[in-house]
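Enquirer: Pasting the sequence and the predicted coordinates here, then a few questions.
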Amino acid sequence: MPSAWKCSPTRRRSGPLHRGWRNLCRPAIERSASAAAIGYLKQAAGLALEEKRKPQRGRVKVSFNTKRHELDVSTAGNAAGEFLKIDIDIQSRHMLKLDDLGLMPEQLETIRADVAESKGIVLVSAPKGQGQTSTMYAIIRAHDAFLQQILSIERNVPVTLEGITQNFCLPRRRRPRKPSSPPGSPARNPTSS
């Protein structure tokens, strides 16, 4: 059976994507078994089972080894099939401190010097999945939010930070340009009827 007809599990933990969970020795899962697992998780998260193309998002609370976890379940689909992503304990993922980010000493020293500045704007940018939110929240936590005014502009606000003004912002969609008047024609005046 071609691998395109199998589910290939991946995992990401604070860094790069690992295909097939090589270190956990997980083989590809047959398509029927993966469809059943996706259906089960969608039902547990309260998502529409029949909807396989539009993105959906829900949450499931589970208990594993006497520890409670919250799973954030996201699904979407295309012509190749349905995609399911599970984020485990999103709230705790962004609770890292600067020392826990795995930065080199020079990088940590530079960031600490910038944090010590009491004025200015800090811009944090990174490709998707490279720790931008964790880094930004660690930098924000290094400030004293009650002595300094801190504002953030984020596409997604996964965690509410106490004492911080977090602004949710979607990128503007580009509007198509209106065609200009052809050469030789009179200019249009938008105020005249």
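Expert: The structure has been received and is ready for your questions.
Enquirer: low pLDDT regions in this protein?
Expert: 1-27, 171-193 (pLDDT under 70).
Enquirer: The same query, at a cut-off of 50, please.
Expert: 1-4, 16, 18, 20-25, 193 (pLDDT under 50).
Enquirer: Tell me the secondary structure at the nearest residue in space to Ala45 that is not next to it in sequence.
Expert: Nearest in space to Ala45, with sequence neighbours left out and distances taken as C-beta to C-beta, 6 or more residues apart in numbering, is Gly58 at 3.1 Å. For the C-beta atoms, the positions are set from N, CA and C on the backbone; glycine is no exception. Three-state call for Gly58 (DSSP: H, G, I helix; E, B strand; the rest coil): strand.
Enquirer: so who does Gly58 touch?
Expert: Taking C-beta atoms under 8 Å, 6 or more residues apart in numbering as the contact definition, Gly58 lies against Lys42, Ala45, Gly46, Leu47, Asp72, Val73.
Enquirer: Give me the buried entries from those residues.
Expert: Lys42, Ala45, Leu47, Asp72, Val73 (16 or more other C-beta atoms under 10 Å).
Enquirer: so how many other residues sit close to Ala126?
Expert: Neighbour count for Ala126, taken as other C-beta atoms under 10 Å: 12.
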